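Participant: any chance you could fold what I've pasted below:
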Amino acid sequence: MGLFIYRCAGCGQSIRNTCAQCAAKIALCAQPHCDDAVVALSYVGLTRDLMLGFKYRNQRAVATMFAERMLATLRTIPETGRIDVVTWVPTTRERRVARGHDQAETLARIVGKSLGVPVRKLLVRETGGHQTGHSRAQRLVGVALRARLMSDPATVLVVDDVVTTGATMRMAKRALYLAGAARVVCIAVAATPAPARRR
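Facilitator: Numbering: from 1, shown residues only. The predicted model follows:
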């Protein structure tokens, strides 16, 4: 039984699934503005703590909670229209192995199932690097991505965990449009605060 219990990264209590206490707090968080993606939460405080647990301590139970916040936010923006396929911004192979999963793919699969649309790996990472630990100037360059060619134009929803400068989402959009997408909508769980607001 103990194998299925973990310590919540948000409040520290021992739980089996999503922490109801933290989920209730997350639901009250204001939606931040982001030019490059639809974003549900700000990457600060409780959200950041839970995301770190999800990414680095394999606490996948919070993925459903994060996906629900993304879907709730998406529903407030009717102009996004119908989504035909869901994809994600892939992490590196090394990070996937080290973490036991690709957190963006985990989120994308939950979102796709909830929307009732297929989830496909459309984006391929051209570089092996990652964004964590890079300066803002380095992050602005983004990750080099290419997309698999699409036989039919479709509206693609791109899922990622955290948006920093938006460069990666812009790269994803560009790659998908070049591959034949009719429309690309980007969504993320959270966005880091703008530099001017950081302390």
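Participant: Thr106: neighbour count?
Facilitator: Here the count is done by other Cβ atoms under 10 Å, and Thr106 has 21 residues near it. (C-beta placed from N, C-alpha, C; glycine too.)
Participant: tell me the spacing between it and Asp49.
Facilitator: Per Cβ to Cβ, to the nearest Å, Thr106 is found 18 Å from Asp49.
Participant: next one: Asp35
Facilitator: Taken as Cβ to Cβ, the span from Asp35 to Asp49 is 26 Å.
Participant: so these two - more neighbours on which side?
Facilitator: Asp49 (16 against 10).
Participant: test my guess that the more buried one contacts Ala9.
Facilitator: Yes: assessed by Cβ atoms under 8 Å, Asp49 is found in contact with Ala9 at 4.9 Å.
Participant: for the nearest residue to Asp152 once chain neighbours are set aside, report the pLDDT, please.
Facilitator: Spatial nearest neighbour of Asp152, excluding adjacent residues (Cβ to Cβ, 6 or more residues apart in numbering): Gly180 at 7.9 Å. Each residue has a pLDDT score; the one for Gly180 is 96.
Participant: for Ser14, what are its contacts?
Facilitator: 5-8 (Cβ atoms under 8 Å, 6 or more residues apart in numbering).
Participant: and Val124, by the same measure?
Facilitator: 90, 145-148 are the contacts of Val124 under Cβ under 8 Å, 6+ apart.
Participant: please enumerate the helices of this structure.
Facilitator: Counting by DSSP state H, the chain has helices at residues 20-27, 45-56, 61-75, 93-99, 103-115, 136-139, 167-178.
Participant: these: which one's closest to Val39?
Facilitator: Ranking those by proximity to Val39 (Cβ to Cβ) places helix 61-75 first, at 7.3 Å.
Participant: which ChimeraX command selects the buried ones in the contacts of Ser14?
Facilitator: Selection command for ChimeraX covering only the buried members of these, criterion 16 or more other Cβ atoms under 10 Å:
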select :6,8
